[in-house]
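In: Return a 3D structure for these sequence lines:
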Amino acid sequence: MSEKDECSANNDPNLAGSSEQDESLGATGGAELENGNINFLEKFMEQLKLFNKPAQETEDEKPKPEQLLKEVTFQGVSDYIQSPKCKNIIVLSGAGISTSAGIPDFRSPGSGLYDNLQKFDLPSPQSIFEISYFKQKPEAFFTLAKELYPGEFKPTISHYFIKLLETKKLLLRAYTQNIDTLERVAGISDDKIVEAHGTFHTSHCLSCGKSYTQSWMRDVIFKDEIPRCTDESCGGLIKPDIVFFGESLPPRFHTKRMEDFNKCDLLIVMGTSLKVQPFASLVDSVPDTTPRLLINREKSGSEDVMLMMIFGGGMRFDDEDNYRDVFWEGNCDDGCRALCSLLGWLKELDELVETERKKIDEAKTKM
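Out: Numbering: from 1, shown residues only. Next up, the predicted model:
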């Protein structure tokens with residue numbers, strides 16, 4: 001399937017699933033169950049079995065997975081990355097990796113996007129990202145899009161850390177909830193990126209499906225105009241290929257999910273509350289032995305017992321028998337620098353950030 005076909009599939013009303021809010025800029029996702037997702041069904045049935053068994057019986061029957069970390073600490077993760085066993089790293093990221101670029105997340109009190117939408121007089125804050133409301137009143141979305149449009153922000157240290165993983169041939173894939181395209185701006189290869197909740201990188205006509213570039217869309221939005229199809233026989237509304245409430249996730253998300261996670265040697269999760277499904281369930285898609293590192297301001301992925309039972313075991317930082325989950329508390333940029341310091345990569349990271357940001361500045365001066 002081509003990239004155009006994948007993005008166009010988002011606009012098919014027959015694919016729409018139920019949805020709930022996400023913390024990344026305009027990123028939303030439905031709680032979808034993919035057809036043929038045998039791993040998901042097996043884990044769901046296993047959780048139901050365990051839920052109904054006495055605690056002692058469950059503990060006795062469940063085999064202990066191999067512990068790959070010498071110690072379940074930040075240092076242990078660093079040592080593991082440098083070992084021959086760690087060859088394929090998957091990164092899951094949310095709005096927290098972009099906040100230092102000046103892009104607000106959704107939920108932070110006072111500064112979150114939902115707290116600052118009153119001026120649009122919406123029925124509810126999330127209406128601005130509901131496909132039905134967008135079709136009726138697109139003005140609110142495009143007013144906001146002008147303020148937050150990709151191209152106005154630089155990638156953060158966290159984005160360049162992911163790029164550094166690719167440079168060192170350790171990055172299997174970077175899954176992001178964000179639609180700000182900063183992974184692309186940071187130079188991460190398109191093939192390494194899965195934009196789970198869509199992207200501003202391309203846009204399509206909701207009526208005829210004609211594709212439009214990010215630069216074309218930007219020019220129209222910055223003229224304070226509503227983007228309409230240039231085909232004289234159409235004139236339909238143009239929408240960026242981001243996933244609104246009421247739309248399905250891109251097919252690429254499901255395809256790569258099935259392809260990637262059994263190969264994952266290390267899962268790094270950064271800047272996400274892990275509240276939105278199916279993205280949050282990705283933490284349980286890796287093998288039971290795979291170490292998992294969370295870099296975030298607070299623990300996430302372990303507090304909702306019902307969701308853990310349905311979608312998987314969640315992160316188990318505080319369990320007595322925790323053998324693989326490590327939490328680093330703080331903002332994502334600091335966490336990435338701290339890990340690079342342990343790995344002996346800090347100079348490389350700092351040089352990469354400086355060099356690439358300089359290129360961005362030079363490119364802007366030539367425009």
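In: what kind of secondary structure is Ile295 in?
Out: Classification of Ile295 by DSSP: H, G, I helix; E, B strand; the rest coil places it in strand.
In: what do you get for the one 4 residues further on?
Out: Following three-state DSSP, the label given to Lys299 is coil.
In: Look at it and say how many residues are nearby.
Out: Under the neighbour criterion other C-beta atoms under 10 Å, Lys299 is assigned a count of 15. To be clear about C-beta, it is placed using only N, CA and C from the backbone, and glycine gets the same treatment.
In: Now for it: which residues touch it?
Out: Lys299 makes contact with 315, 317, 327, 329 under the criterion C-beta atoms under 8 Å, 6 or more residues apart in numbering.
In: partners of the last one in the sheet?
Out: I take that to be Glu329. Assessed by DSSP bridges, Glu329 has beta-bridge partners Asn296.
In: could you point out where the stretch 251-367 of the chain is predicted with low confidence?
Out: 302-313, 367 (pLDDT under 70).
In: if we can go back for a sec, now flag whichever of the contacts of Lys299 is closest to Ile90.
Out: Checking the contacts of Lys299 against Ile90 by C-beta to C-beta gives Met315 as the nearest, at 14.7 Å.
In: quick one on the thing from earlier: which among the contacts of Lys299 end up buried?
Out: When neighbours are counted using 16 or more other C-beta atoms under 10 Å, the contacts of Lys299 contain these buried positions: 315, 317, 327.
In: Ramachandran angles for the last one?
Out: Which is Phe327. Note on Phe327: its backbone torsions stand at phi -120, psi 130 [degrees, to the nearest 10].
In: wait, isn't it in contact with Phe317?
Out: Yes: with the criterion set as C-beta atoms under 8 Å, Phe327 and Phe317 qualify as a contacting pair; they are 4.8 Å apart.
In: who touches both of those two?
Out: Common contact partners of Phe327 and Phe317 (C-beta under 8 Å, 6+ apart): 294, 299.
In: Dump the buried ones among the contacts of Lys299 to a markdown table, plus distance to His159.
Out: A markdown table is the format used below for the buried ones among the contacts of Lys299 (distance: C-beta to C-beta, whole Å):
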| residue | distance to His159 |
| --- | --- |
| Met315 | 23 |
| Phe317 | 25 |
| Phe327 | 21 |
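In: And those, which is closest to Val276?
Out: Within those, distances to Val276 taken as C-beta to C-beta reach their minimum at Met315, with 15.4 Å.
In: Contacts only, for that closest one.
Out: Going by C-beta under 8 Å, 6+ apart, Met315 touches 274, 283, 292, 294, 299-302, 325, 327.
In: cool, Lys168 as well?
Out: Lys168 is in contact with Trp345, counting by C-beta under 8 Å, 6+ apart.
In: what's the spacing between it and Ile81?
Out: Using C-beta to C-beta, to the nearest Å, we find Lys168 at a distance of 9 Å from Ile81.
In: swap in Pro227?
Out: As for Pro227, its distance to Ile81 is 44 Å (criterion: C-beta to C-beta).
In: again, but for Thr181
Out: Between Thr181 and Ile81 the distance, using C-beta to C-beta, works out to 27 Å.
In: And the contacts of stretch 334-353?
Out: Contacts to stretch 334-353, defined as C-beta under 8 Å, 6+ apart, come from residues 74-75, 77-78, 81-82, 157-158, 160-161, 163-164, 167-168, 270, 295-296, 328, 330.
In: Filter those down to the ones in helices?
Out: With helices taken from DSSP state H, the overlap with the contacts of stretch 334-353 comprises 74-75, 77-78, 81, 157-158, 160-161, 163-164, 167.
In: and which of the residues you listed is nearest Ala95?
Out: If you rank the ones in helices among the contacts of stretch 334-353 by distance to Ala95 using C-beta to C-beta, Ser158 comes first, at 11.1 Å.
In: That concludes my questions; thank you for your assistance.
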